[in-house]
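Colleague: no letters, just coordinates:
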């Protein structure tokens, strides 16, 4: 089945130790999004790619970076994780047209010790 | 930018009863309104969506209504079942803003057997 896959599902890192989360999709969608979701809150958009065109949200900290080497894969890099970065990280995809629907992956739960 | 408010934040219903969740949005340019269901430890799953050129949409036990003039939309779940227990998010977006979703704060629904 076509889907959005996130690895790992659970990630534990130490304070200040860089970590990379990955997202892959078999949907061949042009647009990919990264969201941060803290406990009992709504998802918050960090950035998105339209093909290779990177779009950062104004309030996304510089500590968060992203790479999209090809259509199928997108990575979220957290350069120096702090305790406040512990959250669920969600990847979503969307085709360019005709739908506006975003399809979410299962998420990666990040714990920072 | 867009602001979406969602009420109530928690909703407890008896199995078989109906559940209604309401959202208001601020930007009259928004034209796409999805509803997502999120179960514990999982990514949001689209359950129904509506565009601004439609007033109502129904899919089995789930319906969404939209009042563009008042800038509010609602989710209706009839004949609720225990598996409907989850957190529900409404969202709004429009193409000129890059189809970025602005989420409401979420409603935790508990269906009691």
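Modeller: Alright, I've got the coordinates. Small disclaimer: the values here were computed from a predicted structure and weren't measured.

Colleague: need the residues of chain A near chain B, please.
Modeller: A:4, A:6, A:31, A:40-43, A:45, A:48, A:50, A:55, A:90, A:92, A:94, A:100-107, A:109 (CB under 8 Å from any CB of the partner chain). (C-beta placed from N, C-alpha, C; glycine too.)

Colleague: what about residue 57, how many residues nearby?
Modeller: If you meant another chain, say so; for now it's chain A. Around residue A:57 there are 13 other residues, counting by other CB atoms under 10 Å in any protein chain shown.

Colleague: try chain B instead
Modeller: Around residue B:57 there are 15 other residues, counting by other CB under 10 Å.

Colleague: ok so it is a strand residue?
Modeller: Yes: secondary structure of residue B:57 (DSSP: H, G, I helix; E, B strand; the rest coil): part of a strand.

Colleague: mind listing what the closest residue to it other than its chain neighbours touches?
Modeller: Spatial nearest neighbour of residue B:57, chain neighbours left out: residue B:50 (4.8 Å); criterion: CB to CB, 6 or more residues apart in numbering or on different chains. Contact analysis of residue B:50 by CB atoms under 8 Å, 6 or more residues apart in numbering or on different chains lists B:32, B:33, B:56, B:57, B:64, B:65, B:66, B:73.

Colleague: buried ones among those residues?
Modeller: B:32, B:33, B:64, B:65, B:66, B:73 (16 or more other CB atoms under 10 Å in any protein chain shown).

Colleague: in which helix or strand does the residue nearest to the first one when sequence neighbours are not counted reside?
Modeller: Ranked by CB to CB, 6+ apart and with sequence neighbours excluded, the top spatial neighbour of residue B:32 is residue A:100, at 4.4 Å. Using DSSP states H and E, residue A:100 is not contained in any helix or strand.

Colleague: neighbours of residue A:100, just the number please.
Modeller: 18.

Colleague: got a pLDDT number for it?
Modeller: Residue A:100 carries a pLDDT score of 80 in this model.

Colleague: mind listing what the residue in chain B sticking out farthest from the centre touches?
Modeller: Most distant residue from the mean C-alpha position of chain B: residue B:113, 22.9 Å away (CA atoms, centre = their mean). Applying CB under 8 Å, 6+ apart to residue B:113 gives the contacts B:15, B:82.
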